[in-house]
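Engineer: Below are the sequence and a predicted model for it; my questions follow.
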Amino acid sequence: VIALTCGSIALGALLAACGSTSADSAHGSAPASASAAQTAAQAAAADIAFAQLMIPHHQQAVEMADLALSTETSPEVRGLAQQIKAAQDPEIQQMSGWLQAWGAPMAMDDEHASHGMGGVSMSGMMSDEDMQALGAATGAQFDRLWLTMMIAHHEGAVAMAEQVKAASSDAEVIALANAVISGQTAEIETMQQLLAQQ
């Protein structure tokens, strides 16, 4: 994942884009106009943050799916891996397209990612050590570890989607958030059932 600086740059650009609205307010427009502009800027910041954080989040899920597809695993885990990869690869492309259209960096810096921006923060990511342990696991041990890690990963994605839904006013962003919530919640339930059978 390429770490580029977002933070003040992207937010500054968003606020600059709203400058004409603020200027209109200073020349006698109703105070509600400035408030609406601030709300719009906050929503746009949340949309950008969601895409910047969800792309690497999805990329790690695809990496985990690829691990399952490249090792001996159960048919159920393999099927889930194929399903996850098929769903999240296109979503990565969609969110990348948004960031390009918005003129925003593809990633935010680590400081803003850890503190959250626009009310959206990343959760559920696996550490390098987690990924190494998964890569070294085999057989039933791999299945248990993969299911446990992917459940936590999905729960993080659902939380991020809920955060952006509460902040966004963009219909496309909200539609994707709803798709993440419904799709990954169903997959969590399936994985929990499989894990209980291990």
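Structural biologist: Nice, thanks for sending it over. Numbering: from 1, shown residues only.

Engineer: Distance of Q163 relative to L194?
Structural biologist: From Q163 across to L194, the span is 28 Å (Cβ to Cβ, to the nearest Å). All C-beta atoms are positioned from the backbone trio N, CA, C, and that covers glycine.

Engineer: So for these two, which sits in the more crowded spot?
Structural biologist: Q163 (21 against 18; other Cβ atoms under 10 Å).

Engineer: The more buried one sits in which helix or strand?
Structural biologist: Assigned by DSSP states H and E, Q163 belongs to helix 139-167.

Engineer: Can you check the pLDDT for S121?
Structural biologist: pLDDT recorded at S121 is 81.

Engineer: Kindly apply the preceding question to H57 instead.
Structural biologist: Predicted confidence (pLDDT) for H57: 97.

Engineer: Can you report how many residues lie near it?
Structural biologist: Neighbour tally, H57, other Cβ under 10 Å: 23.

Engineer: now swap in I92 and tell me
Structural biologist: Other residues close to I92 by other Cβ under 10 Å number 18.

Engineer: just checking, it touches H58?
Structural biologist: Yes - taking contacts as Cβ atoms under 8 Å, I92 lies within contact range of H58: 5.0 Å.

Engineer: quick one, what contacts the residue nearest to E172 when sequence neighbours are not counted?
Structural biologist: Counting by Cβ to Cβ, 6 or more residues apart in numbering, W98 is the residue found nearest to E172 once chain neighbours are left out, at 7.4 Å. Listed by Cβ atoms under 8 Å, 6 or more residues apart in numbering, the contact set of W98 reads D47, A51, E172, V173.

Engineer: And W98, how close does it get to M54?
Structural biologist: When Cβ to Cβ is the yardstick, W98 and M54 sit 10 Å from each other.

Engineer: Kindly report the same for Q60.
Structural biologist: Distance of Q60 to M54, computed by Cβ to Cβ: 11 Å.

Engineer: Compare these two (neighbour count), which wins?
Structural biologist: Between Q60 and M54, counting by other Cβ under 10 Å, M54 is the more crowded of the two (24 against 18).

Engineer: Which of the helices or strands spans the spatially most central residue of the chain?
Structural biologist: By Cα atoms, centre = their mean, the mean C-alpha position of the chain lies nearest to M54, the distance being 1.9 Å. For M54, the host element (DSSP H and E) is helix 31-69.
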